[in-house]
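1. below are the sequence and a predicted model for it; my questions follow.
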Amino acid sequence: MDRAELAAVLRTARTRVSPADVGLPAGSRRQVPGLRREEVAHLAGLSVDYVVRLEQGRGPKPSTQVLAALTRALRLSEDDRDLVFRLAGAAPPQPGHVPMLIRPSVLRLMDRMADLPALLLSTKSDVLAWNPLAAALLGDYSRWPPANRNIIRQRFLGTGPSRMTLDSADADKAADAEAAGCLRFAQARYPDDPELRRLVADLRAGSAQFEAGWQAGQTGRLHPATQTLEHPELGPLTLDRDNLHMAEGDQILIVYSAAPGTPAASQLDLLRVTGTEQFTDSAGLAAHSQPRQ
């Protein structure tokens, strides 16, 4: 691990990303180019102290999950991402592994979707990116440790309450089978991906509910659906979930919406005002400075 060079690369990369690039408010007191360390920490789901130590060349050796989260937060190209991995003494992602790098054009598309909740998933359901309205609706994914930022892991092994509700035991069983089927599909495409193998092994060993879905033998991808979410302030919202498959990076853009004139559409209008203000006001501030890595 070349701590000094890694620190220099991370500091330089931070100056090249503007708050607008990542959907954060610029504010009137900004005195440095690019992002603040607090904002990088918020976007990557790390503590501010951890980012400071890395940028000062005195941090511990980062895990591959932390490196992936950092390089995504800094919107690095594939070559720059690989450089960061090598400077940290880690092997860059290899061909044949689940693609985790987000194309800049996809990020620009998400930046434009300010009025609908949107999040980007890898083919094994890692949460790669989300917009402020998705955080307001579903919860702030930056608060999850990078290694646990996977919606299937959280469904079956997560410790916090889920905002997703299902209307019957049959619907719950079908959702279990669909989740297992998504991972079967990913495993068939990327049989050599070690993180995917570890995820499946953890789920099968730790959740009888997932194991039952896995034993059903279903293979497939996430389907469009109508879902009900229990929001802590707004109550239940019933929304349409559409899944846009990005063939180039083998990723899925999930978008939630409601038909005009419905109660859910009014709730989304309210969430755009109250929820996104709360999220963007807290971005990168002391509330996110508790150690998470």
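-> Thanks, I have it.
2. C-alpha only now, for contacts and for neighbours.
-> OK.
3. so Glu248, which of the three states?
-> Using DSSP: H, G, I helix; E, B strand; the rest coil, the structure places Glu248 in coil.
4. just the helices in the stretch 151-293 of the chain please.
-> In the stretch 151-293 of the chain, the helices defined using DSSP state H, counting those that start in this stretch lie at 151-157, 169-189, 194-206, 208-215, 263-282.
5. quick one: the third one to helix 169-189, angle?
-> Yep, that's helix 194-206 we're talking about. 150 degrees (axes from the mean of the first three to the mean of the last three CA atoms, to 10 degrees).
6. residues of helix 194-206 that come out buried?
-> 196, 199-200, 203-204 (16 or more other CA atoms under 10 Å).
7. adding pLDDT and distance to Asp2, write the residues you listed out as a markdown table.
-> Shown next, in a markdown table, are these (pLDDT from 0 to 100; distance: CA to CA, whole Å):
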| residue | pLDDT | distance to Asp2 |
| --- | --- | --- |
| Leu196 | 92 | 28 |
| Leu199 | 94 | 30 |
| Val200 | 94 | 33 |
| Leu203 | 94 | 35 |
| Arg204 | 94 | 38 |
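8. and those residues as TSV, adding distance to Glu230?
-> Conversion of the buried residues of helix 194-206 to TSV gives the following (distance: CA to CA, whole Å):
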residue	distance to Glu230
Leu196	30
Leu199	27
Val200	28
Leu203	25
Arg204	27
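9. which one of the helices of the stretch 151-293 of the chain lies nearest to Val51?
-> Closest to Val51 of the helices of the stretch 151-293 of the chain, according to CA to CA: helix 263-282, at 17.7 Å.
10. what about Val273, neighbour count?
-> Burial of Val273 is recorded as 11 neighbouring residues (other CA atoms under 10 Å).
11. hmm, I was thinking of Gly213
-> When neighbours are defined as other CA under 10 Å, Gly213 has 20 of them.
12. same thing with Met246?
-> Other residues within reach of Met246, judged by other CA under 10 Å, total 16.
13. just Arg112 next, same as before
-> Arg112, neighbours per other CA under 10 Å, totals 12.
14. gap between it and Gly57?
-> Taken as CA to CA, to the nearest Å, the spacing of Arg112 relative to Gly57 amounts to 36 Å.
15. ok so, going back, turn the helices of the stretch 151-293 of the chain into a markdown table, columns for distance to Gly45.
-> Putting the helices of the stretch 151-293 of the chain into a markdown table (distance: least, CA to CA, whole Å) gives the following:
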| stretch | distance to Gly45 |
| --- | --- |
| helix 151-157 | 15 |
| helix 169-189 | 24 |
| helix 194-206 | 19 |
| helix 208-215 | 26 |
| helix 263-282 | 13 |
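16. for Leu10, which of these is the nearest?
-> helix 263-282 (23.1 Å).
17. how about the helices of the stretch 151-293 of the chain, which one is nearest Arg103?
-> With CA to CA as the criterion, Arg103 lies closest to helix 169-189 of those, at 19.6 Å.
18. now that closest one: buried residues?
-> Taking 16+ other CA under 10 Å as the neighbour-count basis, helix 169-189 is seen to contain the buried residues 173, 176-187.
19. where does pLDDT dip in the stretch 101-250 of the chain?
-> Across the stretch 101-250 of the chain, the stretches falling below the confidence threshold (pLDDT under 70) are 159-172.
20. can you rerun that using 50?
-> Within the stretch 101-250 of the chain, the set of residues satisfying pLDDT under 50 comprises 166.
21. what sits against Glu193?
-> Let me fix one detail, which is that residue 193 is Asp and not Glu. Applying CA atoms under 8 Å, 6 or more residues apart in numbering, we find Asp193 in contact with 96-98, 187.
22. include distance to Gly213 when you put the buried residues of helix 169-189 into CSV, please.
-> Supplementary listing: those in CSV, determined by distance: CA to CA, whole Å:
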residue, distance to Gly213
Lys173, 7
Asp176, 5
Ala177, 4
Glu178, 8
Ala179, 8
Ala180, 6
Gly181, 8
Cys182, 11
Leu183, 11
Arg184, 11
Phe185, 13
Ala186, 15
Gln187, 15
